[in-house]
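J.: My questions concern the predicted model and sequence given below.
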Amino acid sequence: MFVTTCIKDKIFQHSTPYRVLLKILRNNYSDNDVDLNVPILCLMTDGWPDHRLTYETVKTSLLLLLLQLDLDMIIAIRTAPNNSWVNPAERCMSILNLALQHSVLARDEMTPEFEKMVKHSSSLNANMANCKPGLREAYLESMTQVIHTVGKRFERMKLKGEPLEVSTGLKESVIQRRMRIVNEVTHAPNSKVNTSASTKELRECTELQDFLQMHCISTHYCFQIMKCVGENPCSYCTMNPARLPDDVLSGLSFLPCPVPDDSGVHYKTFQEVYGKTVDDSHCPSSKQNSDFSEEAQNADKQNRDTLKTQRARDIIPCGECGKPRLLFSPSKTVNYHTGNFLTKNEGGRCFYMW
C-alpha cells in the first residue's frame with residue numbers, strides 16, 4: 001500500500017479527478033505509460049465540491065480519465081455524510097497533519113503592482129487574474145517555495161513503513177490540450193467543453209449529454225461510465241473495443257444500489273440486484289420525510305437559495321413559541337425592527353425570512 005498526495009495551488013489548479021489521478025495511475029499502474037494495467041477503475045471520494053459526483057464538471061473529468069487510460073469502466077462512489085472515515089484516503093490525514101506541525105509558511109512577494117492589487121482583497125480568484133495580465137503567473141511563482149516546502153515535509157512521513165509519494169498534478173495547459181479528446185469523441189464544440197466551462201454550460205451541451213446518457217449511470221452517491229456492451233456499439237466503442245474478454249464483458253453491468261427486501265428490514269443480496277436497473281429511490285435522502293408535511297417540504301425547496309448557512313444573519317426570539325430562531329436574508333444589511341417578515345411555522349418548525 002502506498003500513499004500519494006498531490007500538492008498544488010487551490011486557486012488556479014482545481015482538484016479534479018483527472019488532474020490528480022492520471023499522473024499517479026500511469027506512474028504506478030501502467031506498463032506502457034499510457035493504458036492502465038486493468039480495464040476497470042474504482043474510485044472513492046469524500047464528496048467535497050471538487051469531487052462531487054453530481055457535478056457536470058466532475059463527470060466530464062471522469063470521462064476524460066476513461067478516455068485517456070482506455071478503460072472499459074469507471075465506478076466512482078462517494079461516502080455517505082459523516083462517514084468519510086470509511087474512505088482509506090482519510091486514514092493518512094493524521095500523518096499529513098503531523099508533517100505540518102510547527103511549520104511557518106509564507107509566499108514570496110510579487111511586484112509592488114500586484115501586491116497592491118491583492119492587498120485589500122478578501123480572497124483571490126481566477127476571475128481577478130483573468131482581468132489583470134500577468135497576475136496568474138506572478139502568483140503561481142510566488143507560491144513555488146511554499147509548495148516545495150510542504151512537499152519536502154510530506155516526503156519525510158511514512159505509512160506502515162512506506163514513505164509517502166508527493167505529486168504536483170498536471171498543469172492547466174496540459175489538461176486543456178487533452179480535453180480535446182472529449183471534444184473529438186462526443187463531437188462537442190471546444191467552446192462548450194473546456195476546463196473553464198461551468199456546470200450550466202456542460203449541462204446545456206447536447207452532444208456531451210447524449211454521450212453521457214448512452215454510457216453512464218448517475219445517482220446521488222455514484223457515477224459510472226462503461227463502454228457499449230452488446231450489438232450496435234457507438235463509433236468510439238467501435239474504434240476502441242473493450243479490453244475485457246467477451247465472456248466477462250457479456251456479464252458486465254453497472255454497480256447496483258442497495259435495494260431492501262420484502263421485509264423492509266434487510267437488503268437484498270448483491271447477486272439478486274446485479275444486472276438489474278440501477279434504482280436509487282431507496283436512498284434515505286430520496287425518501288419523503290414523514291415528520292413534515294408535503295407542503296412544508298415544498299416550501300423548503302422553493303426557498304432553498306435563501307435558507308443557507310451563509311445567509312443566516314441573526315437570531316431573534318420567536319413571537320409564538322419564544323425560542324430563538326434564525327433570521328435568513330439574501331443581503332447582509334437587515335433592519336428587522338422596521339421590516340416585514342415571511343413567517344413560517346409548519347410541522348413544529350419556525351423560521352423567518354426577510
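T.: All right, it came through fine.
J.: For the protein, which residue occupies the most central location?
T.: Centroid-nearest residue in the chain: His51, 1.7 Å away (criterion: C-alpha atoms, centre = their mean).
J.: what sits against it?
T.: 15-17, 45, 58, 78 (C-beta atoms under 8 Å, 6 or more residues apart in numbering). To be clear about C-beta, it is placed using only N, CA and C from the backbone, and glycine gets the same treatment.
J.: Just the buried residues from these, in ChimeraX please.
T.: The buried residues among these can be selected in ChimeraX (16 or more other C-beta atoms under 10 Å) with this line:
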select :16,17,45,58,78
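J.: any idea which of the contacts of His51 is closest to Thr149?
T.: Ser15 (19.6 Å; C-beta to C-beta).
J.: Turn the contacts of His51 into JSON lines, columns for distance to Asp247 and secondary structure.
T.: Below are those laid out as JSON lines (distance: C-beta to C-beta, whole Å; DSSP: H, G, I helix; E, B strand; the rest coil):
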{"residue": "Ser15", "distance to Asp247": "39", "secondary structure": "coil"}
{"residue": "Thr16", "distance to Asp247": "35", "secondary structure": "coil"}
{"residue": "Pro17", "distance to Asp247": "30", "secondary structure": "helix"}
{"residue": "Thr45", "distance to Asp247": "32", "secondary structure": "strand"}
{"residue": "Val58", "distance to Asp247": "33", "secondary structure": "helix"}
{"residue": "Arg78", "distance to Asp247": "32", "secondary structure": "strand"}
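J.: For Lys152, pull up the helix or strand it's in.
T.: helix 144-155 (DSSP states H and E).
J.: any idea of the mean pLDDT for the next helix or strand after that helix?
T.: Next along the chain after helix 144-155, taking DSSP H and E as the criterion, comes strand 158-159. Model confidence over strand 158-159, given as mean pLDDT, is 85.
J.: Likewise for stretch 60-69?
T.: 89.
J.: Near Phe114, how many other residues are there?
T.: Around Phe114 there are 18 other residues, counting by other C-beta atoms under 10 Å.
J.: for Phe223, same thing?
T.: 25.
J.: what does the one 10 residues further on give?
T.: Pro233 is surrounded by 16 other residues when neighbours are defined as other C-beta under 10 Å.
J.: Tell me who's in contact with it.
T.: With contact taken as C-beta under 8 Å, 6+ apart, Pro233 is in contact with 227, 241.
J.: Quick one: distance of stretch 175-195 to the chain centre.
T.: 19 Å (C-alpha atoms, centre = their mean, to the nearest Å).
J.: which residues in the stretch 151-300 of the chain form strands?
T.: For the stretch 151-300 of the chain, the strands defined by DSSP state E, counting those that start in this stretch occupy 158-159, 162-163, 165-167, 216-218, 222-226.
J.: Can you name every helix or strand that the fourth one contacts?
T.: Judged by 3 or more C-beta pairs under 8 Å, 6 or more residues apart in numbering; DSSP states H and E, strand 216-218 is in contact with helix 56-69, strand 222-226.
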